[in-house]
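In: Here is a sequence with its predicted model. Questions after.
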2 protein chains.
Amino acid sequence: MASSARRRVLLRDVAEHAGVSSATASLVLGGRDVRVSEDTRQRILRAARELDYRPNLMARSLRTQVSSTIGLVADTIITGHYGGDIIRGALTASLEHGHRLLICESEGDPKLEPVLVDDLVARQVDGILFTTASHDVVELPAALADQRVVLVNCEAGPGVPSVVPDEVEGGRAAARLLTDAGHREGIVLVGETLTRKLPAQRRLEGLLAGLAAAGTGFADRIDCAWWPEAGFDALTEALASGLRPRALVCLNDRIALGAYQALAAAGLSVPGDVSVVSFDDSELASWLRPTLSTIALPEFDMGRTAVDLLLGDDPPAGVVLVPMPVRERASVAPPSSR
Amino acid sequence: MASSARRRVLLRDVAEHAGVSSATASLVLGGRDVRVSEDTRQRILRAARELDYRPNLMARSLRTQVSSTIGLVADTIITGHYGGDIIRGALTASLEHGHRLLICESEGDPKLEPVLVDDLVARQVDGILFTTASHDVVELPAALADQRVVLVNCEAGPGVPSVVPDEVEGGRAAARLLTDAGHREGIVLVGETLTRKLPAQRRLEGLLAGLAAAGTGFADRIDCAWWPEAGFDALTEALASGLRPRALVCLNDRIALGAYQALAAAGLSVPGDVSVVSFDDSELASWLRPTLSTIALPEFDMGRTAVDLLLGDDPPAGVVLVPMPVRERASVAPPSSR
DNA sequence: TTGAAAGCGCTACCAT
DNA sequence: ATGGTAGCGCTTTCAA
């Protein structure tokens, strides 16, 4: 028999096959098998198996007003190779909750955001995750006002549930990595320091607090953008004009890559001459030689936490901080005696 | 008036407000506004605007049997920081088609695949994209047999629509990068060469063809896994035992990173002493110093193409090859005279 | 313990 | 040109 395009099997088919009403079949197959004799229960189950019945979740959702679907709207989170693990964490948690993820990207076009949100709402999602590639303060799209929503990696007004990395404590941890190794002098910051970007501000705040706790501070600050080339150029120039750092705190791994390149070009070794710590724990960190000690962005955890909160019964009325794990690798050593 | 949780406004509300039947309202708001007087049309549109009506897409889909949703099941595509752009391409194309993407990851657990597929089917997706992080031959989950499906970055039996990179031509292009610069001798392959992995096999095939076309071939082959450290170790050892390559073909960018590190450690410069070409065009390629000439994995295009084919009227009965763009950067120079 | 029937919110047919 | 009505496939009273 040619397996031609046969009609999908419906609940009613199963019921018929088992000689019961579709109401009873629904009861059994929906798992709420109270008030049904074991005999009919088995008959229904077997019928479903024999006919290879799969419920139409769309119809079920329309009836129950529960779609078991979460909407996720991001700006450029997959694009940038940043934030991908937020999605993975959300994916994993969603799976555990029996939910599926409806994902969209606004591609950085703010006009698109409300459109996407509206569409998700129209599709009856049970909740919405709103997330950005870089930790920032955002204006919440008005369409989200009435919705169950959790922000991820961004923050809005007070009372809006959001999940972000604990950058300040991360900064402290980074400082500790250096001070615990004995560093007190020649500690230099490399990164965008005169910015309103949250990660920069808060990491810096934590760093200053951490260094102060050990009775020290930055010997110097090198301002540069968040990219390898910027880090290379800025540090190369600083080195050329006589700077001799004993330890570098790079505001992210990409800058650290640039710093490694600049140090190598100047004939300085890591960590023999200069220790380096950084932030993010991107793949890069374990690829560099020596491997890079860095404070990890807890993306996976953030995604997972956000879903748990979104689906939980009392979403937090404000910001939830997720700890940034310390990845101790090979780029830190005690200061060389000179 | 406190904006308390008021009932969602329905099509019937709009109809009532405009003094027409819901049938007419549906016609107008559905865009098929033939056979309706301009006057009532305007009334309905205005009513919808005033009441801020949003159709329930779930209900619409149930009725029309079209969900304007695409399911995407991946293995570890977001995890691995590989394949993320496939998703982005699919996202962009979906948006253009007015579709949304329901994304799931099997997290490498093959048992999960049919479960996820079944769930997507139950949710009435209009089609399914099945994709893997690394280009491979896969066994198509049985549940996909009756479905409209396009494979991305993987291939199954004959007749199954799938979209993959044109690795062979990519290999040719890589060879050309070197031979065009004048290289004929001391060209060494670095990568996993004794493998059944499709990218390795086909890139190699293209490389051999390309080199042969210029009357040359590989002077040597260094076997190593697809990671920076493996590349570093393997090349370091080869260099130590006297190998003096004039050009390296690395089977991907990560290996190229390891190769850069090994060459630097051996005091060899790129491209002065040794030219390097590679595959993938990951972010890394533009971060290295000198920047790396590499044959790009056309992930975005693959994702976009797959969606177009999935939603088009005649899905291809087999493999569609997407060209791998050449990214010419700074890691290739004419062979040094020695 | 089971079944009949109503209805989730929408579209599409067939009247008028 | 417009409206009544019958579903899409399921769950959920309510009655038997």
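Out: In hand now; what should we look at?

In: What residues does the stretch 51-200 of chain A have near chain B?
Out: The interface of the stretch 51-200 of chain A toward chain B, taken as C-beta under 8 Å from any C-beta of the partner chain, is made up of A:54-59, A:61-62, A:67, A:69, A:78-79, A:81, A:84-85, A:87-88, A:91-92, A:95, A:100-105, A:107, A:118-124, A:146. Glycine gets a C-beta too; all of them are placed from N, C-alpha and C.

In: Tell me which of these fall in helices.
Out: A:57-59, A:61-62, A:84-85, A:87-88, A:91-92, A:95, A:118-122 (DSSP state H).

In: what about A:Q147, distance to A:V115?
Out: With the distance defined as C-beta to C-beta, to the nearest Å, A:Q147 ends up 15 Å from A:V115.

In: what about the residue nearest to A:D52 when sequence neighbours are not counted, neighbour count?
Out: In this structure, A:D52 finds its nearest non-sequential neighbour in A:V9, 6.6 Å apart by C-beta to C-beta, 6 or more residues apart in numbering or on different chains. As a burial measure, the neighbour count of A:V9 was computed by other C-beta atoms under 10 Å in any protein chain shown and equals 16.

In: what's the answer for A:S106, then?
Out: A:S106 is surrounded by 22 other residues when neighbours are defined as other C-beta under 10 Å.

In: quick one: A:L151 and DNA strand C, what's the gap?
Out: Note on A:L151: its distance to DNA strand C, by C-beta to the nearest atom of the strand, to the nearest Å, is 28 Å.

In: wait, is that residue part of a helix?
Out: No: when DSSP: H, G, I helix; E, B strand; the rest coil is applied, A:L151 is found to be strand, with no helix at that position.

In: and it, what does it touch?
Out: A:129-131, A:138, A:140, A:160-163, A:306 (C-beta atoms under 8 Å, 6 or more residues apart in numbering or on different chains).

In: Redo these as JSON lines? Include secondary structure.
Out: Formatted as JSON lines, the contacts of A:L151 follow (three-state DSSP):
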{"residue": "A:L129", "secondary structure": "strand"}
{"residue": "A:F130", "secondary structure": "strand"}
{"residue": "A:T131", "secondary structure": "strand"}
{"residue": "A:V138", "secondary structure": "coil"}
{"residue": "A:L140", "secondary structure": "coil"}
{"residue": "A:V160", "secondary structure": "coil"}
{"residue": "A:P161", "secondary structure": "coil"}
{"residue": "A:S162", "secondary structure": "strand"}
{"residue": "A:V163", "secondary structure": "strand"}
{"residue": "A:A306", "secondary structure": "helix"}
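
In: Out of these, which comes closest to DNA strand D?
Out: The closest of the contacts of A:L151 to DNA strand D turns out to be A:L129 (C-beta to the nearest atom of the strand; 25.5 Å).

In: Could you tell me which residues make contact with that closest one?
Out: Taking C-beta under 8 Å, 6+ apart as the criterion, A:L129 is in contact with A:70-73, A:90, A:149-152, A:306-307, A:310.

In: for the closest residue to it other than its chain neighbours, what are its contacts?
Out: Across the structure, with C-beta to C-beta, 6+ apart as the measure, the residue nearest A:L129 apart from its sequence neighbours is A:L72 (4.4 Å). By C-beta under 8 Å, 6+ apart, the residues touching A:L72 are A:87, A:90, A:101-104, A:128-129, A:131.

In: Give me the local confidence score for the closest residue to A:E328 other than its chain neighbours.
Out: On the basis of C-beta to C-beta, 6+ apart, the spatially nearest residue to A:E328 that is not a chain neighbour turns out to be A:S293, at 5.3 Å. Per-residue confidence at A:S293 stands at 98 (pLDDT).

In: Name the spans of the stretch 201-338 of chain A whose pLDDT lies under the cut-off.
Out: Counting by pLDDT under 70, the ranges of the stretch 201-338 of chain A that qualify are A:337-338.

In: Nearest to DNA strand C within it, name that residue for me.
Out: Among the residues of the stretch 201-338 of chain A, A:L311 lies nearest to DNA strand C; the distance is 21.5 Å by C-beta to the nearest atom of the strand.

In: Now render the contacts of A:L151 as a markdown table, adding distance to A:T24.
Out: Formatted as a markdown table, the entries for these read as follows, by distance: C-beta to C-beta, whole Å:
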| residue | distance to A:T24 |
| --- | --- |
| A:L129 | 38 |
| A:F130 | 42 |
| A:T131 | 44 |
| A:V138 | 50 |
| A:L140 | 46 |
| A:V160 | 45 |
| A:P161 | 41 |
| A:S162 | 46 |
| A:V163 | 44 |
| A:A306 | 39 |
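
In: Please identify, among these, the one with the most neighbours.
Out: Counting neighbours by other C-beta under 10 Å, A:A306 leads the contacts of A:L151 with 32 neighbours.
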